[in-house]
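Engineer: The sequence and its predicted three-dimensional model are supplied below.
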Amino acid sequence: MIVSSADFKLGLDQPVQFVKGIGPVRATALAEAGVHQVADLLYYFPRRYLDRRNVVLIRDLKVGEQATIIGQVTGRGMRRSKSRPLFQVTISDGTGTLPCLWFRHSEWIRGRFQVGDRVAVHGKVEFYRKPQMIHPDFDLLDQTEDPLNTGRIIALYPGTAALRATGLDSRRFRRVIRACWERLVPVADHFSIEFRREYSLSELAEALRTIHDPLDEAALDGARFRLKFDEHFFLQLLMALRRRSLEELPGRKFPERGEITESIYRSLPFQLTAAQIRVMREIRADLQSGKMMNRLLQGEVGSGKTVLALLTAAIVAREKCQVAVMAPTEILAEQHYRAFKALSAGVDLPLALLTGGTPKERRAEILQGLKAGSLPLVIGTHALIQEDVIFKELALIIVDEQHRFGVLQRGRLLEKGYYPHVLAMTATPIPRTLAITYHGDMDVSLLDELPANRGKITTRVLQPEQLQKAYQLMRGELQQGRQCFVVYPVISESEKGDLKAAEEGYLLLSRDVFPEFEVGYLHGRMKSAHKESVMEAFQGGKLQLLVSTTVIEVGIDVPNATVMLIENAERFGLTQIHQLRGRIGRGELPGHCLLLRRGGAEETTARLAILERTSNGFEIADEDLKLRGPGELFGARQHGYMKFRLANLIEDGPIIRLARQAAFDLVRADQNLSRGEHRALKQVFMHKYQPQLDFINLR
């Protein structure tokens, strides 16, 4: 039987090259953008839209404002401005003309415009003799696509160099999407009619069609709501199923505190805060429950998480079981090791440090002790998840700064025990939307109280001309026997162009600014033994000033340190600076955090001023999330934070909470998604999260 082109139907799983207007060459370019199948094409959403309310006439343009205009190209050509060439396109809309200029990539831009083209341009209106736009965004329009006259909303798509090279711009993308719908088989909805009605969701096919070709803003809002809900729902479903699976797992019971824990507690040189006591009770309840603990301990810098980790480890070690503490950096692992060793000095609790820098002979001893069960407590880095690290009876895993580890890394450590209890810790304040999105499968304990007698930290933003005053303050503190940090964003000038380099800063400070004091230098590329010797010298008071990169962000405890100067503060996230300044004011002495701004946009000063105003980590984290996104917030884009297609963690709080309620209610009602109305949903979910289903028992 011969099938005519008119009868040919597209399935969602068919290669995208079979869509009219694509073909093999454009399919290759689309693959680079993550579009492989027809379904991927439908989920390649517009980056923004043009509608008539956003379009401004050229005669009404105002200098300094962002604007979108639609007009016709009336002129194009290369010009020379001083010593550099530029490409100019002149656009007219009948009310005036507007020059658009490109200084960079002018060769590529030259081929994009022809006289007579109808275009939309968007950018900031600037003034040089007359209004103009420099490097505006632009999209070519069909002659019929005129939102100014028809009221249509026009989709504008994200582009790549590869897509543009094949001519697949927004104008052609719209044609391709329309052609796709003409041949597409009916799109089934994974949600039942009853589910959609309960949560006011439009049908999936309608939402997908509307997101690409909306009739009006109300329809577009409905489509966005449905598609955002989908993205948040499936992630929350993963959290709900993980939590359900973890609640079903057996966990070894540890009903007694035991003499080791009691001895450590009695010998502590300080009193636990009320928050620490409350959290310790929550942890003990988990250990007594007979179910696997899966708890996130979230606390401000200096709130006392380490001592709780040690007390928890001591409860487990008393029963001849083993504990692994995993930290993201060698410096943090070494800091935990020193703290654990000091706080447990008077008890029989053997412990060891295992990192990539551990000498071969010592490593062999540690591995033997873990395998035989004679070593109850090991603290380390990623070295703990290597294949030859074998535990006799691993019953508790403590993961510090857990957002810096990927799911699979944590999973490999879990596999080394039989349903070990998990206590994750973080000093990074996590905004609520992030907490329920990425840690929604965990119970959360909050250390919201700092130990008594901590010095107050004052934070100030400085300009370069105020640097000498900063040095005067530091010299005064150093002369009184106190210590200071100077933090740089990079190691060498060659690594980040115009940044003030840590290495050069160290030489300047040690030779010219503070020659009368002992100055140390620390960065992440140093060998472990060298880093440890520098830290020991600083903690022991042999070094008065430590020049460092952000390697000191977590895990350094020097109560005598009172001043931190952060160079190029505009290059850091707010949460990262908040973490850094937690290294000072850890004793009774007041601390000073000086943020030296050497560049950045005008809003940089206002952004840094948030740190002058508040020391509340959660308020700071919320601001940082708005400014930088979840990956940048932690400086950890590579560690598994989901890249949503449409959803937005900053704007979608109400949708996230609704999706979470829907997902958890669904799992409570049908814990294996086995009902007939949930089969399609289960199939989509399992396809979406296949790599992470090892943690979920779906029957």
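Structural biologist: Happy to help now that I have it.
Engineer: Report the rounded mean pLDDT for the lengthiest strand in the chain.
Structural biologist: Longest among the strand segments of the chain by residue count, using DSSP state E, is strand 66-81. For strand 66-81, mean pLDDT is 87.
Engineer: Report the backbone C-alpha coordinates of the helix or strand immediately after that strand in the chain in CSV.
Structural biologist: The helix or strand immediately downstream of strand 66-81 is strand 84-92, counting by DSSP states H and E. What follows is strand 84-92, C-alpha atoms only, in CSV (Å, rounded to 0.1, in the frame of the first residue of the first chain):
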residue,chain,number,x,y,z
ARG,A,84,36.5,49.8,14.3
PRO,A,85,34.0,48.8,11.6
LEU,A,86,30.3,48.5,12.3
PHE,A,87,27.3,47.3,10.5
GLN,A,88,24.2,49.5,10.4
VAL,A,89,20.6,48.6,9.5
THR,A,90,18.1,51.4,9.2
ILE,A,91,14.5,50.5,10.0
SER,A,92,11.4,52.6,9.3
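Engineer: Next up, the contacts around the closest residue to residue 280 other than its chain neighbours.
Structural biologist: Using CB to CB, 6 or more residues apart in numbering and skipping residues adjacent in sequence, the residue nearest residue 280 is residue 308, 5.9 Å away. Any C-beta I mention is one placed from the backbone N, CA and C, and that applies to glycine too. Counting by CB atoms under 8 Å, 6 or more residues apart in numbering, residue 308 touches 276, 279, 280, 283, 297, 447.
Engineer: so where's the longest helix in this protein?
Structural biologist: helix 217-248 (DSSP state H).
Engineer: Which other helices and strands does that helix contact?
Structural biologist: helix 204-212, helix 432-438, helix 653-669, helix 679-688 (3 or more CB pairs under 8 Å, 6 or more residues apart in numbering; DSSP states H and E).
Engineer: Would you check how far apart the closest residue in space to residue 330 that isn't next to it in sequence and residue 531 are?
Structural biologist: Of all residues not flanking residue 330 in the chain, residue 355 sits nearest, at 4.7 Å (CB to CB, 6+ apart). Applying CB to CB, to the nearest Å, the value for residue 355 to residue 531 is 10 Å.
Engineer: Mutual contacts of those two, please.
Structural biologist: Common neighbours of residue 355 and residue 531 (CB under 8 Å, 6+ apart) are 330, 334.
Engineer: Next, format the helices and strands packed on helix 217-248 as a markdown table and append mean pLDDT and distance to residue 288.
Structural biologist: Formatted as a markdown table, these follow (pLDDT from 0 to 100; distance: least, CB to CB, whole Å):
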| stretch | mean pLDDT | distance to residue 288 |
| --- | --- | --- |
| helix 204-212 | 96 | 46 |
| helix 432-438 | 68 | 25 |
| helix 653-669 | 92 | 25 |
| helix 679-688 | 87 | 34 |
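Engineer: among the ones you listed, which is nearest residue 232?
Structural biologist: helix 653-669 (3.8 Å; CB to CB).
Engineer: what's the angle from that closest one to helix 679-688?
Structural biologist: Orientation note: helix 653-669 sits at an angle of 110 degrees relative to helix 679-688 (axes from the mean of the first three to the mean of the last three CA atoms, to 10 degrees).
Engineer: So which bits of helix 653-669 are buried?
Structural biologist: Within helix 653-669, the residues that count as buried by 16 or more other CB atoms under 10 Å are 655, 656, 658, 659, 660, 662, 663, 664, 666, 667.
Engineer: Pull the distance from that helix to the chain's centre.
Structural biologist: How far helix 653-669 lies from its chain's middle: 23 Å, per CA atoms, centre = their mean, to the nearest Å.
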